[in-house]
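*Asks:* Sequence and predicted structure, then a few things I'm wondering about:
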Amino acid sequence: MPAKVTLQDIADALGVSRNTVSKAINNTGVLAEATRQKVLEKAIEMGYKQFSYANSLGDIKNPSFGAKPSASGEIALFTGNFLNNSHFASTMLDKFQHEISLLGYSLTMHRVDQHNLENHSLPLSYRPENTKAIVCIEMFEHSYCEMLCDLGLPVLMIDAPVASYWKPLNADVLLMDNFSNIYTVVNDMSKKGITKIGFVGQVTHCRSFYERFIAFREAMYINNLSFEEKYCLTEIHPHGQDYREYLYKALKNSSELPELFICANDFVALDLIYGLKRLGIECPRDIKIFGFDDSPESKIMTPSLSTSHIHSQVIGYSAANLVISRIEQPDLNYRITYTETDLIYRESTQIL
């Protein structure tokens, strides 16, 4: 059996960089049309798998097959939670499913329960024979994710276990920008005299929560503000149904509260506001609060919540691009991709 043709093989044959070949084949970046044509012609000549149907450059530019290709396999979505509790999952998955369907792939969904996690077993609904890739959402058990990465299939993590920082997974990782807006908020608030700032949320819950905490600490340092452990309510309890009550008890037992809390996400902020109200502390009169994710609740709650808006459709599109490119080019280096977020100021950080 002849060896599989790689991007590097094409680059070596033409005497160009691998990056140039990737741009030409994927039609990304700035590239002279003559160079792109030369690369595509060489790819066809060498039998590169993405163009196995083509006999000439004209077959690529004017393909004879129909607009909608026949199904070419399933992409399996693994999740640790019911996605109807995730504010961005529905919009993101709609976009993801639309993009992969254009290329002939279908989406199957599988919930990973506690039994699966403990026994490193696959959900009963999963069908490996026709699965081309796995996408993980709300999957934060590192050893289980390692097991999935050993199945020999492309894996995309949308967010990831915090342990993936020091024990990298053989997978692509997709995250939103967890840093920029927190830097800006700390800087803006410090200019208004708000210098006692804390963080709320389980830092080890997932990679995004950890990055948001790191962003908070770095922002305090950059702005010459003192980081105080007493203002941080981090590892008080795992996130879940009981978290609100544990957070209230932590607030009640705090010797001093900050002027501003930065929260790991909007739902932590909701639980925080609930606990503060039970103690007779009002936001934003007595304390300011900043969330993350821009959930639907953040717009209609009282007070409305300052937060970071994540672009669900962009995440869906990016996820599809990462998965398909990994299926088509399994020899690519593993990638960590960040999507843009927007800072939104609302009532919860107003200076009264």
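*Replies:* Arrived safely, thanks for sending. Numbers count the residues shown, from 1 in each chain.
*Asks:* pull the CA atoms of stretch 257-277 into CSV?
*Replies:* Extracted in CSV, the C-alpha atoms of stretch 257-277 (Å, rounded to 0.1, in the frame of the first residue of the first chain):
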residue,chain,number,x,y,z
LEU,A,257,-15.9,41.5,51.4
PRO,A,258,-14.4,43.3,48.4
GLU,A,259,-15.8,46.2,46.5
LEU,A,260,-16.1,44.1,43.3
PHE,A,261,-16.4,40.4,42.6
ILE,A,262,-15.4,38.9,39.3
CYS,A,263,-17.3,35.6,38.8
ALA,A,264,-16.3,32.5,36.8
ASN,A,265,-19.6,32.8,34.9
ASP,A,266,-23.0,34.3,35.0
PHE,A,267,-24.6,31.5,36.9
VAL,A,268,-22.0,31.9,39.7
ALA,A,269,-22.9,35.6,39.7
LEU,A,270,-26.6,34.8,40.1
ASP,A,271,-25.9,32.5,43.1
LEU,A,272,-23.6,35.2,44.5
ILE,A,273,-26.3,37.9,44.2
TYR,A,274,-28.8,35.5,45.9
GLY,A,275,-26.4,35.0,48.8
LEU,A,276,-25.6,38.7,49.2
LYS,A,277,-29.3,39.6,49.3
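*Asks:* List the buried residues of stretch 296-313.
*Replies:* Buried residues in stretch 296-313, counted by 16 or more other C-beta atoms under 10 Å: 297-298, 301, 303-313. Glycine gets a C-beta too; all of them are placed from N, C-alpha and C.
*Asks:* now, which of those residues lie within helices?
*Replies:* 297-298, 312-313 (DSSP state H).
*Asks:* tell me the mean pLDDT for the helix or strand where Lys249 lies?
*Replies:* Using DSSP states H and E, Lys249 sits within helix 243-252. Across helix 243-252, pLDDT averages out at 95.
*Asks:* Just the CA trace of it, in PDB.
*Replies:* What follows is helix 243-252, C-alpha atoms only, in PDB (Å, rounded to 0.1, in the frame of the first residue of the first chain):
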ATOM      1  CA  TYR A 243     -23.400  25.300  45.200                       C
ATOM      2  CA  ARG A 244     -25.700  28.200  46.000                       C
ATOM      3  CA  GLU A 245     -26.100  27.200  49.700                       C
ATOM      4  CA  TYR A 246     -22.300  26.600  50.200                       C
ATOM      5  CA  LEU A 247     -21.600  30.000  48.600                       C
ATOM      6  CA  TYR A 248     -24.000  31.700  51.000                       C
ATOM      7  CA  LYS A 249     -22.300  30.100  54.000                       C
ATOM      8  CA  ALA A 250     -18.900  31.200  52.700                       C
ATOM      9  CA  LEU A 251     -20.200  34.800  52.300                       C
ATOM     10  CA  LYS A 252     -21.700  34.700  55.800                       C
END
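*Asks:* ok, residues contacting stretch 113-127?
*Replies:* Contacting residues not belonging to stretch 113-127 are listed as 74, 76, 78, 80, 108, 110-112, 128, 141, 143-144, 147 [C-beta atoms under 8 Å, 6 or more residues apart in numbering].
*Asks:* JSON lines for those residues, including distance to Phe227 and neighbour count?
*Replies:* Below are those laid out as JSON lines (distance: C-beta to C-beta, whole Å; neighbours: other C-beta atoms under 10 Å):
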{"residue": "Glu74", "distance to Phe227": "47", "neighbour count": "19"}
{"residue": "Ala76", "distance to Phe227": "42", "neighbour count": "25"}
{"residue": "Phe78", "distance to Phe227": "37", "neighbour count": "24"}
{"residue": "Gly80", "distance to Phe227": "32", "neighbour count": "18"}
{"residue": "Thr108", "distance to Phe227": "45", "neighbour count": "15"}
{"residue": "His110", "distance to Phe227": "41", "neighbour count": "17"}
{"residue": "Arg111", "distance to Phe227": "39", "neighbour count": "15"}
{"residue": "Val112", "distance to Phe227": "36", "neighbour count": "21"}
{"residue": "Pro128", "distance to Phe227": "48", "neighbour count": "12"}
{"residue": "Glu141", "distance to Phe227": "30", "neighbour count": "17"}
{"residue": "Ser143", "distance to Phe227": "32", "neighbour count": "11"}
{"residue": "Tyr144", "distance to Phe227": "33", "neighbour count": "21"}
{"residue": "Met147", "distance to Phe227": "37", "neighbour count": "15"}
